[in-house]
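> Mind folding the following:
(chains A and B)
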Protein chains: 2
Amino acid sequence: MRDLAAREDLHCLNTATLGYREPIEITVRRVAQAGFRKITPWRQEIEEDHPERASAMIRAAGLEVAAYCRTTYFTADDAAGRRAAIDSNRKALEAAAVLGAPMLVAVVGGLAPSSRDAAACREQILDGLHALLPTMRATGVKVALEPLHPYYAADRSLLNTIAQAIDWCERLDPAREGWFGIAVDAYHAWWDPSLEESIRRAGTRIVALHVCDWLRETRDPLLDRGMMGDGVIDLRRLRACVEATGFGGAVEVEIFSQLDWWRRDPDEVLRVCRQRLATAC
Amino acid sequence: MRDLAAREDLHCLNTATLGYREPIEITVRRVAQAGFRKITPWRQEIEEDHPERASAMIRAAGLEVAAYCRTTYFTADDAAGRRAAIDSNRKALEAAAVLGAPMLVAVVGGLAPSSRDAAACREQILDGLHALLPTMRATGVKVALEPLHPYYAADRSLLNTIAQAIDWCERLDPAREGWFGIAVDAYHAWWDPSLEESIRRAGTRIVALHVCDWLRETRDPLLDRGMMGDGVIDLRRLRACVEATGFGGAVEVEIFSQLDWWRRDPDEVLRVCRQRLATAC
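Next up is the predicted model:
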């Protein structure tokens, strides 16, 4: 068991938790003042043609960038759409490098708009991910594959389990150079009967741990995520299982909550996040 | 490929599709008149102290009962609650036998109200299912384990994939006597990257096939299921995959749709179901 100070070093705030209501400079100031050491910003907050300014500001606030969110969906009905996604994701990798983010989070996309062929769309995604490798090598930024809850398979992600992410890592990175890793998100993964077995099997492929909670009476499958401790997930057990693989990275709070937390004072949200990271995770 | 007449013999209507708005005798008449040969009724429609009346009426209409819906959730915070669920499910098996249903569909329950321990709750469920065996043997009614979409893990079912259902069948029925089988429901299972592999592996364990569709723009994760052909599921491929295991049972339409189909004229709903069974499945 790490001591408390070391564990606090791991506290990371994904800015989605604050609902993107304020400019990044204000968010960064609040996050640093609340005692977080790490931050994961979203692309809509960063001017990607000139990420240097945001990068300098984040460093000046004493924060490290844990990751950068996120890829454009790789699936599309035509080749032009798929190429455009790859171009966008190359640009994200370059911005991530300037921000000092070691990884870009991949939310890979659901079925292409006119498709019912999940297998074919998964191949589109794998092709798109593979096409990023030269930029990944050039920038040094990895890709963290984030399996999303199966609820989002149609419209957001055809990558839905940790087991599937392991298979994809093995296909994309057979020599285990480490360019592709796995982001384990409690909300997306908690239900999986193979969760602990998959985490053990993923081992050092795990590069990120996201926490929030699944509310028993969920009112919206996208924007009603709960604060850690308010729902049904055994977060302490999950964290211990992930850390048993050797993972020692950030514990990142990511709460999409239009119905509750996005309506509250941002400093209150950050204070509760910090408290629950200590007591519920 | 079977000829069309033989395939029409397989058309089954799960009465949930009509929203339980009318007494069972009216529903049975409509379903038979629409050309269905099989029906799966729900417990709230059947007087379980005297199921003989409903049974006779269904037979008189020329319908067979494909299955009976469904078990009471097996999970509970205390032993009394778990015993009550088992008693209720024994009664359901006895009613199913009178109705001539070869199987009771098992929707097994989510986390017990005060629990965050999914593994312990899954054991509660397995214990409850195992306790039904004497009644199953006495009545001749099997249990069809229905994996539900992971969206329902907290509040409805901790059985969420076909692979998990196979494991449970192997535990509950190691000698393969056939008392426990698997109901494959397109809505619950379509997203699974291991779907086809799991179906092949399940083989003759598969005892039921439920169809509806997943709407790309789903407005409600429980009550906005789509008509076959209106969503993203490749139902023909799924059906072919299930039938390749040797399955020759009913193709059962089960559509929970408070937002659309439950508001329409029941005869129109049944007509569209029959048409889509022929063209989309």
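
> ok, how many other residues are close to residue A:236?
For residue A:236, the number of neighbouring residues by other Cβ atoms under 10 Å in any protein chain shown comes to 14. Placement of C-beta: from N, CA and C, glycine included.

> The helix or strand harbouring it packs against which elements?
Per DSSP states H and E: residue A:236 is located in helix A:235-243. Contact analysis of helix A:235-243 by 3 or more Cβ pairs under 8 Å, 6 or more residues apart in numbering or on different chains; DSSP states H and E lists helix A:186-189, helix A:195-202, strand A:206-211 as its packing neighbours.

> where do the helices sit along chain A?
Secondary structure of chain A (DSSP state H): helices located at A:4-8, A:24-33, A:52-60, A:79-99, A:118-131, A:133-139, A:162-172, A:186-189, A:195-202, A:235-243, A:266-279.

> between these, which gets nearest to residue B:158?
The closest approach between residue B:158 and any of the helices of chain A, judged by Cβ to Cβ, belongs to helix A:195-202 at 11.9 Å.

> which residues sit against the closest one?
Around helix A:195-202, the neighbours that count as contacts under Cβ atoms under 8 Å, 6 or more residues apart in numbering or on different chains are A:161-163, A:165-166, A:182, A:184, A:189, A:192, A:206, A:238, A:241-242, A:244-245.

> mind checking how far that helix is from the chain centre?
18 Å (Cα atoms, centre = their mean, to the nearest Å).

> can I have it written out in CSV, keeping just the CAs?
Below are the C-alpha coordinates for helix A:195-202, written out as CSV (Å, rounded to 0.1, in the frame of the first residue of the first chain):
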residue,chain,number,x,y,z
LEU,A,195,-13.4,-8.1,-15.8
GLU,A,196,-10.7,-9.3,-13.3
GLU,A,197,-9.5,-12.1,-15.5
SER,A,198,-9.2,-9.6,-18.5
ILE,A,199,-7.3,-7.1,-16.4
ARG,A,200,-4.9,-9.7,-15.2
ARG,A,201,-4.4,-10.9,-18.8
ALA,A,202,-4.0,-7.3,-20.0
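
> Can you name the residues of the stretch 1-150 of chain A that neighbour chain B?
Counting by Cβ under 8 Å from any Cβ of the partner chain, the positions of the stretch 1-150 of chain A adjacent to chain B are A:111, A:115-118, A:122, A:149-150.

> List buried residues within those.
The neighbour count (16 or more other Cβ atoms under 10 Å in any protein chain shown) marks A:111, A:115-116, A:118, A:122, A:149-150 as buried among those.

> Make a markdown table from those and add pLDDT to it.
As requested, these are arranged in a markdown table below (pLDDT from 0 to 100):
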| residue | pLDDT |
| --- | --- |
| A:111 | 98 |
| A:115 | 98 |
| A:116 | 98 |
| A:118 | 98 |
| A:122 | 98 |
| A:149 | 98 |
| A:150 | 98 |
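
> out of these, who's nearest residue A:211?
Relative to residue A:211, the closest of those is residue A:149; by Cβ to Cβ it sits at 14.4 Å.

> Quick one: residues contacting that closest one.
Residue A:149 sits in contact with A:160, A:187-189, A:191, A:221, B:150-151, where contact means Cβ under 8 Å, 6+ apart.

> are any of these buried, and which?
Neighbour-count burial (16+ other Cβ under 10 Å) is assigned, among these, to A:160, A:187-189, A:191, B:150-151.

> Report the two of those separated the most.
A:189 and B:151 (13.4 Å).

> Skipping its backbone neighbours, what lies nearest the residue nearest the centre of chain A in space?
By Cα atoms, centre = their mean, chain A has its centre lying nearest to residue A:105, at 5.0 Å. Spatially, and ignoring its direct neighbours in sequence, residue A:105 is nearest to residue A:70 (4.4 Å; Cβ to Cβ, 6 or more residues apart in numbering or on different chains).

> wait, that neighbour sits on residue A:104?
Yes: using Cβ atoms under 8 Å, residue A:70 and residue A:104 qualify as a contacting pair, with a distance of 7.1 Å.

> Neighbour count: those two, which is higher?
Taking neighbours as other Cβ under 10 Å, residue A:70 and residue A:104 compare with residue A:104 leading, 26 against 20.

> pLDDT wise, what is that one at?
We have a pLDDT of 98 for residue A:104.

> what do you get for residue A:27?
Reading off the confidence values, residue A:27 has pLDDT 98.

> what's near enough to touch it?
Taking Cβ under 8 Å, 6+ apart, we find residue A:27 in contact with A:15, A:18, A:41, A:45, A:266.

> re earlier: minimum pLDDT in the contacts of residue A:149, which residue is that?
residue A:221 (87).

> In space, what's closest to that residue - neighbours in sequence excluded?
Closest residue to residue A:221 in three dimensions, ignoring its sequence neighbours and counting by Cβ to Cβ, 6+ apart: residue A:151, at 4.9 Å.

> Give me the residue ranges of the stretch 1-150 of chain A where confidence is low.
Under the criterion pLDDT under 70, the flagged ranges of the stretch 1-150 of chain A are A:1-6.

> quick one: residue A:79 and residue A:120, what's the gap?
Distance of residue A:79 to residue A:120, given as Cβ to Cβ, to the nearest Å: 13 Å.

> between those two, who's got more neighbours?
Each of residue A:79 and residue A:120 has its neighbours counted (other Cβ under 10 Å); residue A:120 has more, 12 against 9.

> Distance of the more buried one relative to chain B?
Taking Cβ to the nearest Cβ, to the nearest Å as the criterion, residue A:120 is separated from chain B by 10 Å.

> ditto for residue A:209
Between residue A:209 and chain B the distance is 18 Å, computed by Cβ to the nearest Cβ.

> repeat for residue A:66
For residue A:66, the distance to chain B (Cβ to the nearest Cβ) stands at 26 Å.
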